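> sequence and predicted structure, then a few things I'm wondering about:
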Amino acid sequence: MNCCDETIDELRRFDLRLIQPRHGYRFSLDPLLLCEFADVREGERGVDLGTGCGVIPLVLARLATGVHFVGVEHQQAMVGIAERNAHLNGLGDQVTILEEDVGRLREHFPVSTFDLVTANPPYRRRGTGRISPRTGRDLARHESTAGLADFMATAKYLVKPTGRICFISHPSRLAEFFALATELKLAPLRLRMVHGYGDADARMFMVELAKGRKGELRVLPPLLVRNEGSDQEG
């Protein structure tokens, strides 16, 4: 990708500089909210499904010491950007980028490999929502090779029984999400709705899941974030 087709944006709070496509998919506030929700811990090993430019593993690597994360991405152009971002920020030893489809990760990792699995999967089902003229945006916000069920099943395979799965998604998928969790025998432990304003409908939800253990669901206070919306919404 030509340098004129890219920008370098600063996340000063996390001491990060991130290369992004100027006109393609650009991350929004959502992955940053998920990083805070995930509550990464010292020494953990994690994987981010559909990592894009690598923002989630890079932020998480800044939030705890001694951690290592794998960012999985199937778009070749975004894989290259994510790898460059890891090295640009001196995190090449802590963040590894893998070019692969989410549904094929069993070929790369044994079961129960990771302490933390994160995902900010495409929110829209195939064939729904507006079509973006920007290259790469529809692949990021509409399901293509992997749907929500694939992301959740893969997360279950990859996470340790003592570990955590943390997703952020659109409220229109909430009922489906909990139905899939029941089908996969994943226990929801925490749920937090994200609102633009206190009297507005939720614009996102975040959930923590666990496998192989039970727990009562905690519904956390709503999170209010006043912004102009997400690039991924459509």
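The structure has been received and is ready for your questions.

> Leu174 reaches Met206, doesn't it?
No. At 10.9 Å, Leu174 does not count as touching Met206 under the criterion of CB atoms under 8 Å. Just so you know, the C-beta spots here come from the backbone N, C-alpha and C atoms, and that holds for glycine as well.

> of these two, who's got more company?
Using other CB atoms under 10 Å, the more surrounded residue of Leu174 and Met206 is Met206, with 22 against 16.

> what pairs with that one across the strands?
Ile168, Arg192 (DSSP bridges).

> swap in the one 4 residues further on?
Residues in a beta bridge with Ala210, per DSSP bridges, are Ala187.

> could you list every residue that touches it?
Contacts of Ala210 were listed using CB atoms under 8 Å, 6 or more residues apart in numbering, and they are 159, 161, 163-165, 186-187, 189.

> elements contacting the helix or strand harbouring Asp150?
Taking DSSP states H and E as the definition, Asp150 sits inside helix 148-158. The contact analysis (3 or more CB pairs under 8 Å, 6 or more residues apart in numbering; DSSP states H and E) places helix 148-158 against strand 45-49, strand 114-119, strand 159-169, helix 174-184, strand 202-211.

> just the helices in the chain please.
30-38, 55-63, 76-88, 137-141, 148-158, 174-184 (DSSP state H).

> would you format the helices and strands packed on helix 148-158 as TSV with mean pLDDT and distance to Ala38 included?
Output for the helices and strands packed on helix 148-158, formatted as TSV (pLDDT from 0 to 100; distance: least, CB to CB, whole Å):
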stretch	mean pLDDT	distance to Ala38
strand 45-49	98	8
strand 114-119	98	6
strand 159-169	98	4
helix 174-184	98	17
strand 202-211	98	8
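
> can you lay out those as TSV showing distance to Gly103?
What follows is the helices and strands packed on helix 148-158, written out as TSV (distance: least, CB to CB, whole Å):
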stretch	distance to Gly103
strand 45-49	10
strand 114-119	13
strand 159-169	16
helix 174-184	14
strand 202-211	18
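
> touching stretch 189-207 from outside, list them.
With CB under 8 Å, 6+ apart as the test, stretch 189-207 has contacts from 30, 33-34, 37, 164, 166-171, 174, 177, 181, 188, 208-210, 215, 217-227, 229-230, 233.
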